[in-house]
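In: Give me coordinates for this.
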Amino acid sequence: MKKVIAGLVLLVIILSSCEEDKNYNLQEGLVAYYPFNGNANDESSNFYNGIISGASLIQDRLGNDNSALRFNGIDNSVTCGSSNRGITNSLTVSVWVKTTTENGTVVAKYDAKNDKGWFIKFTEGGKVGLYGRNTANDFARAETTTSFNDNTWHHLLGTINLNTFKLYVDGTLVGEDVLEAEVPDITCDDDLGIGYWALGDLDEHYYCAADIDDIAIYNRILTNKEMKVIRTKGI
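Out: Reported below is the predicted structural model:
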């Protein structure tokens, strides 16, 4: 009898665990997804495929061939079109990156002329941050206090919810900033750039020497459960 009860308890635990695992939907609000599976195609429902310029396909962090991109930090880039992808006032960006750079843009959709959009970049000796600015010239800096340019793969996840910017590295919240004045405008019609950021009218480019993989962009804030799943299991 005890064995039967123990078996029933175990079955309930397993079923509860399965139900918990189903309690998320990483397709909901997914507006861009670049897994770099042999190309720079957008595997979300939007199909804004990227154009590779110079970057080369390499093994990803799991050892799969031709499943990540290497950027030389000089002139390599992926350009993914100017559509705003339905983003209004909330955003989640997830990306894997490996680098030794001390300064370079990982992913950006930012119009500096009109202070719209956002970007993730390495700066100041290998620290990394999620950045943006409102039209009152207040600059949001959700950035780390330590360096992550140690030539190992790290998962970066940034969120913007109205005026609050947060950055997670490998599942830990490492940077947060709140703009007290007006809410920044994260709607932007500039190109989505991977491995670089182009400064519009000035024709200036800020490249990143890094290996980059699995970029996913959402028009909503992921739950804590979804943040863990996208980091540990992917989409």
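In: This structure: helices as residue ranges?
Out: 2-21, 224-232 (DSSP state H).
In: mean pLDDT lowest for which of the ones you listed?
Out: With a mean of 45, helix 2-21 has the lowest mean pLDDT of the helices of the chain.
In: backbone phi and psi for the closest residue to residue 50 other than its chain neighbours, please?
Out: Excluding the flanking residues, the one nearest residue 50 by Cβ to Cβ, 6 or more residues apart in numbering is residue 40, at 3.3 Å. No exception for glycine: its C-beta is placed from N, CA and C like everyone else's. Residue 40 has phi and psi values of phi -120, psi 40 when expressed as degrees, to the nearest 10.
In: looking at it, residue 40 is touching residue 54, isn't it?
Out: No - using Cβ atoms under 8 Å, residue 40 makes no contact with residue 54, being 11.9 Å away.
In: For these two, indicate the residue with more neighbours.
Out: Shown here are residue 40 and residue 54; by other Cβ atoms under 10 Å, residue 40 has more neighbours (21 against 15).
In: I figured residue 130 hits residue 164, correct?
Out: No - using Cβ under 8 Å, residue 130 is not in contact with residue 164, being 10.9 Å away.
In: These two: who's more crowded?
Out: Ranked by neighbour count (other Cβ under 10 Å), residue 130 and residue 164 place residue 130 first, with 28 against 16.
In: Which residues are in contact with that one?
Out: The contact partners of residue 130, taken as Cβ atoms under 8 Å, 6 or more residues apart in numbering, are 93, 118-120, 140, 142-143, 158, 160, 165-167, 175.
In: what do you get if the cut-off is 6 Å, keeping everything else the same?
Out: Contacts for residue 130 (Cβ atoms under 6 Å, 6 or more residues apart in numbering) come out as 120, 142, 158, 165, 167.
In: Bridged to it, which residues?
Out: Taking DSSP bridges, one obtains residue 120, residue 142 as the residues bridged to residue 130.
In: and the gap between it and residue 222?
Out: According to Cβ to Cβ, to the nearest Å, residue 130 and residue 222 sit 14 Å apart.
In: Could you do residue 169 as well?
Out: Distance from residue 169 to residue 222, by Cβ to Cβ: 15 Å.
In: Equivalent analysis for residue 213, please.
Out: For residue 213, the distance to residue 222 - Cβ to Cβ - is 18 Å.
In: So these two - more neighbours on which side?
Out: Neighbours per residue (other Cβ under 10 Å) separate residue 213 from residue 222, with residue 213 holding more: 25 against 21.
In: Who's the closest spatial neighbour of that one, skipping the chain neighbours?
Out: Per Cβ to Cβ, 6+ apart, closest to residue 213 is residue 68, 3.8 Å.
In: ok, now how distant is residue 221 from residue 165?
Out: Distance from residue 221 to residue 165, by Cβ to Cβ: 12 Å.
In: Please disregard the earlier target; I meant residue 180.
Out: Residue 180 sits 13 Å away from residue 165 when distances are taken as Cβ to Cβ.
In: Tell me which of those two has more neighbours.
Out: Shown here are residue 180 and residue 165; by other Cβ under 10 Å, residue 165 has more neighbours (26 against 7).
In: The more buried one contacts residue 140, correct?
Out: Yes - the criterion here is Cβ atoms under 6 Å, and residue 165 meets it with residue 140 at 4.4 Å.
In: Need the overlap of contacts for the two.
Out: Listed as contacting both residue 165 and residue 140 by Cβ under 6 Å, 6+ apart are residue 177.
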